[in-house]
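>>> need a 3D model of the following:
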Amino acid sequence: MLSSFVGCQPIYKPDLVVYGFELLFRSGAGNLASFEDGDRATAALIMSVFTDIGLDNIVGDCPAFINVTRNFILDGHALSLPRDRVVLEVLEDIRPDPEIIDGLRSLSSQGYRIALDDFVYSPQMEPLIDVADIVKVELPAIDDNVLPRHVELLRKSNVQLLAEKIETHKEFESCRELEFDFYQGFFLSKPQVVSGKSIPGSRIAAVQLIGQLADPDVDVDDVVKTMRTDPSLCYKLLKYINSAAGGHTQPVESLTAAITHMGLRRLQSFTIFTLFATGTDAKPIQLIVTAMTRGRMCELLSIAQGNSHPETYFLAGLFSTLDALLDQPLQQALSAVPLAEPISNAILNAEGPLAAVLTCVLNYEQGEFESVGLPDVDADGIRSAYIDAVTWARKLSADVAPQ
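A predicted model of the protein is given here:
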């Protein structure tokens, strides 16, 4: 079996609710170059996802977009996939000859959804458009002044349009004006506004509390003191503890009792979701899941390396997203919480003992698998850390996110 990295990138609806995920894969040894390797990698990905990991652990109940090769289509292998759970992505190097068109029509007639990957319109590609359900328009390959015409031509067909490789919120808003149906890219991992915006005073306690809880030697009394500076956070915690989700049926008489019942690690997760998922500037839940996944993967990799303080790695991963979560420059966002120098140095400068782990995680998250690597952790260990982190973060988003 070909060892492969397995990752996923979210695909969003216009309201930034997640529609589905594209599954990503590469050989652990680097990028796959040959045609035959593409077939083997697709098979390896499918075996990993459907037998080793479990599709639900990666994408939940969302559809999974899976790249398929010409051979995979024509040899009937796609029929092994559940038609209600997948979208088959036709790679951009597949030409629309009669054989491939017939193969795709057959799959479509049997209930499979077809997407065209990295698509740039040309008249000779129209036979593919006619059998597709979704066309993924590759933004970097199309000039801004040509894009509206490109969209107009595609709209003549009965397809949904997905704007892919969106890097900034400006690009996202431009595509939303053109009424794309779906959106994919790293635009959510970057700040929407990088002005002089400061953190509201009511949220500073929560940011400080997250950092405080990363200390394995933190004292509960110190946590209580910090929480007392934010009555809203105290209220939400007590309300959560007494809810069905909190699993506590008796009245909680003190913050100390509430914190002891919840546990410090779960309190940290609760605080993160409270900080970023509520209020007038609430963030899309997937961005918060991404932040939690990044932190947890850093922590798991540090454990695999034998580091003595994995909590600091969790914080490095989590707070590396703080610019996007707070919509302000990263250095300014980090100044609100007293981080240890190794953590801030890894985040801001990619330097120090934590930087190698954080860089590995960032490369994995962005699908740059040829740059993924870490001393003392093999490819399978890195992949397992990612899958475990995704599963953990998804569960927390369901169990802990404030209602």
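
>>> buried ones in stretch 347-365?
Neighbour-count burial for stretch 347-365, counted by 16 or more other CB atoms under 10 Å, picks out 347, 352, 354-365. Bear in mind the C-beta positions are built from the backbone N, C-alpha and C, glycine included.

>>> start and end of it, how far apart?
End-to-end span of stretch 347-365 (CA to CA, to the nearest Å): 15 Å.

>>> contact partners of that stretch?
Residues from elsewhere that reach stretch 347-365 (CB atoms under 8 Å, 6 or more residues apart in numbering): 5, 7, 189, 290, 293-294, 297-298, 301-302, 305, 312-313, 316-317, 319-320, 330-331, 334, 341-343, 345-346, 369, 371-375, 382, 386.

>>> average pLDDT across it?
Stretch 347-365 shows a mean pLDDT of 93.

>>> what segments of the stretch 51-200 of the chain are strands?
64-68, 86-90, 113-119, 134-138, 160-166, 182-185 (DSSP state E, counting those that start in this stretch).

>>> may I have the second one as PDB, with CA atoms only?
Extracted as PDB, the C-alpha positions of strand 86-90 are listed here (Å, rounded to 0.1, in the frame of the first residue of the first chain):
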ATOM      1  CA  VAL A  86     -18.800  11.800  -2.600                       C
ATOM      2  CA  VAL A  87     -18.300  14.200  -5.500                       C
ATOM      3  CA  LEU A  88     -16.000  12.900  -8.200                       C
ATOM      4  CA  GLU A  89     -13.500  15.600  -9.200                       C
ATOM      5  CA  VAL A  90     -12.300  15.200 -12.800                       C
END
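
>>> and that strand, how far out from the chain middle?
Centre-to-centre, strand 86-90 and its host chain are 19 Å apart (CA atoms, centre = their mean, to the nearest Å).

>>> again with the fifth one
Its chain's average C-alpha position is 16 Å from that of strand 160-166, according to CA atoms, centre = their mean.

>>> what does the shortest one give?
Averaging C-alpha positions (CA atoms, centre = their mean) puts strand 182-185 12 Å from its chain's average.

>>> kindly report the same for the first one.
Centroid separation for strand 64-68 versus its chain: 16 Å, with CA atoms, centre = their mean.

>>> what pairs with it, parallel or antiparallel?
strand 18-27 (parallel), strand 86-90 (parallel) (DSSP bridges).

>>> likewise for the shortest one?
Under the criterion DSSP bridges, strand 182-185 sits next to strand 4-12 (antiparallel), strand 160-166 (parallel) in its sheet.

>>> residues in contact with the shortest one?
So that's strand 160-166. Residues contacting strand 160-166 (CB under 8 Å, 6+ apart): 11, 115, 118, 133-140, 151, 154-155, 171-172, 175, 178, 180-187.

>>> one step back: make CSV from the strands paired with strand 64-68 and add mean pLDDT and distance to residue 392 to it.
Formatted as CSV, the strands paired with strand 64-68 follow (pLDDT from 0 to 100; distance: least, CB to CB, whole Å):
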stretch, mean pLDDT, distance to residue 392
strand 18-27, 82, 16
strand 86-90, 94, 24
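
>>> mind putting these in JSON lines, mean neighbour count and distance to residue 63 included?
Output for the strands paired with strand 64-68, formatted as JSON lines (neighbours: other CB atoms under 10 Å; distance: least, CB to CB, whole Å):
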{"stretch": "strand 18-27", "mean neighbour count": "22", "distance to residue 63": "4"}
{"stretch": "strand 86-90", "mean neighbour count": "23", "distance to residue 63": "5"}
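
>>> A strand includes residue 261, no?
No. Checked against DSSP: H, G, I helix; E, B strand; the rest coil, residue 261 lies outside a strand; its state is helix.

>>> just checking, it touches residue 241?
Yes. Under the criterion of CB atoms under 8 Å, residue 261 makes contact with residue 241 at 6.1 Å.

>>> who has more neighbours out of those two?
More neighbours surround residue 241 than the other of residue 261 and residue 241, with 20 against 15 (other CB atoms under 10 Å).

>>> hang on, residue 223 packs against residue 211?
No. Counting by CB under 8 Å, residue 223 stays clear of residue 211, with 11.4 Å between them.

>>> what's the residue closest to the geometric middle of this structure?
Nearest to the geometric centre of the chain sits residue 290, at 4.4 Å (CA atoms, centre = their mean).

>>> that one sits in which helix or strand?
helix 285-304 (DSSP states H and E).

>>> next, the buried residues of that helix.
Neighbour counts using 16+ other CB under 10 Å place 285-302, 304 of helix 285-304 among the buried residues.

>>> check stretch 131-141 too.
131-132, 134-137, 139.

>>> stretch 76-92 now?
77-78, 81, 85-91.

>>> how about these in CSV, adding distance to residue 66?
CSV is the format used below for the buried residues of stretch 76-92 (distance: CB to CB, whole Å):
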residue, distance to residue 66
77, 11
78, 9
81, 7
85, 10
86, 5
87, 7
88, 6
89, 6
90, 11
91, 11
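
>>> residue 43: which of those residues is nearest?
Of all the buried residues of stretch 76-92, residue 43 sits closest to residue 77, with 7.6 Å by CB to CB.
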